[in-house]
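Chemist: 3D, please:
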Amino acid sequence: MAILRTRAVYKDGVLKPTTKLDLPDGATVEVQINAHPLPGATDPKDALMDDEGTLQDMYAEFAEEDRQLSRTGLASYAATLRREEDRT
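Modeler: Have a look, this model is predicted:
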């Protein structure tokens, strides 16, 4: 079995090799796809990761939520302990 490597362009539902393939008509082949991003295309997640200010703001917001939950949780726990002490 011969292994050939070439690039191809996907257009209108068809993979078109960028080089001539030395294969007989009707040959069955196995294809492995390693897609390359289109020039200028960006993944929205990458754009977010590149925006350091946005990440810092997001983490600051999470940190504040964590502090609020911690205070609420500790206050609730302290109130529960006081109620238990009052019963004894």
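
Chemist: ends of stretch 18-31, how far apart?
Modeler: Length of stretch 18-31, first residue to last, C-alpha to C-alpha, to the nearest Å: 15 Å.

Chemist: what's next to it, contact-wise?
Modeler: Leu4, Thr6, Arg7, Ala8, Val9, Leu15 (C-beta atoms under 8 Å, 6 or more residues apart in numbering). To be clear about C-beta, it is placed using only N, CA and C from the backbone, and glycine gets the same treatment.

Chemist: among these, which are in strands?
Modeler: Ala8, Val9, Leu15 (DSSP state E).

Chemist: isn't the last one up against Gln32?
Modeler: This points to Leu15. No - taking C-beta atoms under 8 Å as the definition, Leu15 is not a contact partner of Gln32, at 11.6 Å.

Chemist: from the chain's centre, how far out does the lengthiest helix in the chain sit?
Modeler: Under DSSP state H, the helix in the chain containing the largest number of residues is helix 52-87. Remark: helix 52-87 is offset 29 Å from the chain centroid, using C-alpha atoms, centre = their mean, to the nearest Å.

Chemist: name the residue most distant from the centre of the protein?
Modeler: Farthest-out residue of the chain from its mean C-alpha position, per C-alpha atoms, centre = their mean: Thr88, at 53.8 Å.

Chemist: out of the ones in strands among the contacts of stretch 18-31, who's nearest Gly40?
Modeler: Val9 (16.1 Å; C-beta to C-beta).

Chemist: chain neighbours aside, what residue packs nearest to the closest one?
Modeler: Excluding its sequence neighbours, the residue lying closest to Val9 (C-beta to C-beta, 6 or more residues apart in numbering) is Lys16, at 5.2 Å.

Chemist: quick one: the one you found and Val31, what's the gap?
Modeler: Separation of Lys16 from Val31 (C-beta to C-beta, to the nearest Å): 13 Å.

Chemist: check Gly73 too.
Modeler: The gap separating Gly73 from Val31 is 55 Å, by C-beta to C-beta.

Chemist: with neighbour numbers in mind, choose between the two.
Modeler: With neighbours defined as other C-beta atoms under 10 Å, Gly73 and Val31 compare such that Gly73 has more, 10 against 6.
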